[in-house]
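Student: Can you look at this prediction? I've put the sequence above it.
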Amino acid sequence: MSSNIRKEISRLNPRQKEAVLSTEGPLLVLAGAGSGKTRVITMRVAHLIERGIPADNILAVTFTNKAAKEMRARVKSLLGKRQGEKPLISTFHSLCLRILRKEIEHLGYRKDFTIYDTSDQLSLMRNLMQDVKVLDKSFKVESIMERVSWAKNGMAVPESTEETEADDLGAISTSLYDRYQQALQAFNAVDFDDLLILTLKLFKEHPDVLKRYTEIFRYIMVDEYQDTNSIQYQFVRLLGGQDMNVCVVGDDDQSIYGWRGADISNILDFEKDFAGAKVVRLEQNYRSMGNILTAANGVIKNNTKRMGKSLWTERGPGPRVKIIKKPGVEDEAKWVADKIALIRYDKKRKYEEFAIIYRANLLSRPFEEALRLERIPYTVIGGTSYFERREIKDLASYLKLIANPSDDISLLRVANVPRRGLGPTTLERLSNFARESGISLFEAFKKSSAAPGIKDKTSALASEVAGIVERFIEPFSKKGHMALAMKELVREIGYRDYLFEVFKTPEVAVKKVENVESFIDSLAQYEAENTGSTLQGFLEAMALTDMEEEKDEKAMGVTLISLHSSKGLEFPVVFLVGLEDGILPHKKSIYMEGGIDEERRLCYVGITRAMEELYLTHTVNRVKYGKDEPSTPSRFIEEIPEVSIEVLGESEILSTEESETKAKSFFSNIQAMLGD
DNA sequence: GAATCACGCATTTTT
DNA sequence: TGCGTGATTC
């Protein structure tokens, strides 16, 4: 049965094999783009199991659910008949949640805490700002929340922020930091940051607990190590224990999340930080043709702080990378659309084989228009296009409240949903009442008749809300009856009518009602799939995994995607568009320390998405916020070795390379015809 | 409470 | 330029 794995391993290249077989001690696998990284990780897991390591002692950590899911599937198929062996493959956040659910009482928290997602965080912060009366328009809740998050993660404020307001923003953020954290505790809630921070705290303050986990997770693997922040780094170190059988896999050249806390020095300093570490470089690329790799290597070698790596391939050089200059954005977009139509016809490619990749989502517009004009199907990935799921949030807040009545933020959210006459003034008064009496808002709702300034009628409404919540606690705790309870809840609060009342256009309202239905369905599905299903469990799954993720895979037509989201994907034909100074590198990054380097990595990520053909486009004039402004080609274009590129002028459609092959085939066709 | 207007803002994104 | 937000008005 395990010969299957051995056979698979024998097919690996020498470097890959080394990475798979080096199981003891710290190991850094520098996995270049397209070097078969996932293959190596999954095979390493399989190999450990085959070697007799109990699956329970193996942990693989990823950043996204998608990555975890894929890895699980691949390990499963590798293990063949030994599928009963299930190593833990999880995201950082789910792993920490798992640990906290068991251990958080060591830190003085309650076990049944609620998880606050980004929008909960923002509502909470908004409330706090109102309390402190810093509802100064000059500061966005988002920027304050961002600062607080940095502080929580022990991160220094980035150098570049404009000095003047930086101090004020900093001061306000620090003043809100404590209040925010206290509020979370009072609401029996933790945010995404806390999941990691508290677990780290737990390990630091309770060596006995840490010891238990180091004894369980004897072999650890971390994917996308270049994206780890300081907390995650410390977490990995601690969990590594004495043995330090820690294998981190990543690519410093693809570190593009510095702006949200990822610390590239984690991977750069790995050898120094983990004594006796071994480094394996995966440089053979199985994705791209030679010229594309030459271009990628040429660009990235201009970064100074890096481990050093050069991609190569056994495939031929392939066509050269084309550089296209167009007068304006419409010309650029039209050219790309035309080119796609042409290549599709000439080379019998599917639309799905093309991608248009840009630095910022707002650059997608002209391309969407050009594609629509030519009737070319496309899918835009990411951006704000995801529909506003207000209805889901509303209902989820009810559920959160039922699971945890101390959750003031959720109560505030649903108090007047559907509208029942509990306006801002009433909520303000009840909040004050709660604060002064040292009780939760929920308790205040129940005792609202005692609150100052609340009329009897209003008080009745408030206690009715509390009543609904209380009445549903029991039905939701009954095994296998949650979906039913949910339906009942929707009916009881008259949520459908509310949706039709709020959304004027019936089509929109119908859509919303459908979303509600599918939300109930997903709850039913959750119940069906999980034997020990609980409301808390469902809410967790909801917070930690995107319920909609399943359907984004069936992207149809040409893919339009940002550079960031394109990481990890590949396409036969890639158009990297808007390659101009100010866009890539982005003008805001220019003044940030290490900003240009990160932009260069972004460019590298873009280039390495292409398998066969790569087109880099830029314009002479670009419309920016309505105004036409002259643009300069990206400095990164100059860094591409000339041997690998061919520059097309403003009016050319075909490169000389392409004209030549076209001419050749034209002549051979003529000859064939004459021969007949 | 809804409709309208003026204003300001405008990378990148996952859990 | 175009969108989303918050204020203003009926």
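Tutor: That came through fine. Numbers count the residues shown, from 1 in each chain, chains lettered A, B, ... in the order given.

Student: Backbone dihedrals for the closest residue to A:L484 other than its chain neighbours, please?
Tutor: Counting by C-beta to C-beta, 6 or more residues apart in numbering, A:P475 is the residue found nearest to A:L484 once chain neighbours are left out, at 7.5 Å. From N, CA and C alone the C-beta is placed, and that goes for glycine too. Main-chain torsions, A:P475, degrees, to the nearest 10: phi -50, psi -40.

Student: wait, doesn't A:P475 sit right on A:H481?
Tutor: Yes: using C-beta atoms under 8 Å, A:P475 is in contact with A:H481, at 6.2 Å.

Student: what residues does the stretch 201-350 of chain A put near DNA strand B?
Tutor: The interface of the stretch 201-350 of chain A toward DNA strand B, taken as C-beta under 7 Å from any atom of the strand, is made up of A:W259, A:R260.

Student: Please identify which residue in the stretch 201-350 of chain A comes closest to DNA strand C.
Tutor: Residue nearest to DNA strand C within the stretch 201-350 of chain A (C-beta to the nearest atom of the strand): A:V329, separated by 11.7 Å.

Student: what's the spacing between A:E612 and DNA strand C?
Tutor: 35 Å (C-beta to the nearest atom of the strand, to the nearest Å).

Student: Actually, A:Y116.
Tutor: 19 Å.

Student: For that residue, which non-adjacent residue is closest in space?
Tutor: A:D191 (4.5 Å).

Student: check contacts around that neighbour.
Tutor: A:I115, A:Y116, A:D117, A:D120, A:Q121, A:L184 (C-beta atoms under 8 Å, 6 or more residues apart in numbering).

Student: what about the residue lying closest to A:R306 once chain neighbours are set aside, neighbour count?
Tutor: Excluding the flanking residues, the one nearest A:R306 by C-beta to C-beta, 6+ apart is A:D252, at 5.2 Å. Neighbour count for A:D252, taken as other C-beta atoms under 10 Å: 23.

Student: likewise the one 10 residues further on?
Tutor: Neighbourhood size, A:A262 [other C-beta under 10 Å]: 21.

Student: Now the stretch 201-350 of chain A against DNA strand B: closest residue?
Tutor: Counting by C-beta to the nearest atom of the strand, the stretch 201-350 of chain A gets nearest DNA strand B through A:W259, at 4.2 Å.

Student: Relative to A:N432, how far out is A:Y116?
Tutor: 23 Å (C-beta to C-beta, to the nearest Å).

Student: go on, A:Q234?
Tutor: From A:Q234 to A:N432 the distance is 40 Å (C-beta to C-beta).

Student: neighbour-wise, which of these two wins?
Tutor: A:Q234 (18 against 15).

Student: Let me know the helix or strand that the residue lying closest to the more buried one once chain neighbours are set aside is in.
Tutor: The shortest distance from A:Q234 to any non-neighbouring residue, by C-beta to C-beta, 6+ apart, is to A:L200 (5.7 Å). For A:L200, the host element (DSSP states H and E) is helix A:192-205.

Student: do the same with A:G568
Tutor: Secondary structure (DSSP H and E) places A:G568 outside all helices and strands.

Student: gap between it and DNA strand B?
Tutor: For A:G568, the distance to DNA strand B (C-beta to the nearest atom of the strand) stands at 10 Å.

Student: What of A:I493?
Tutor: According to C-beta to the nearest atom of the strand, A:I493 stands 15 Å off from DNA strand B.

Student: residues contacting the residue lying closest to that residue once chain neighbours are set aside?
Tutor: Leaving out its chain neighbours, the residue that sits closest to A:I493 by C-beta to C-beta, 6+ apart is A:P418, at 6.1 Å. A:P418 is in contact with A:I493, A:G494, A:Y495, A:D497, A:Y498, A:E501, counting by C-beta under 8 Å, 6+ apart.

Student: List, one by one, the residues from chain A near DNA strand B.
Tutor: Residues of chain A lying near DNA strand B (C-beta under 7 Å from any atom of the strand): A:63-66, A:91, A:93-94, A:117-118, A:138, A:192, A:259-260, A:359-362, A:382-383, A:419, A:421, A:423, A:501-502, A:504, A:544-546, A:549, A:562, A:564-565, A:586, A:588-589, A:592, A:595, A:599, A:625-626.

Student: I am finished for the moment; much appreciated.
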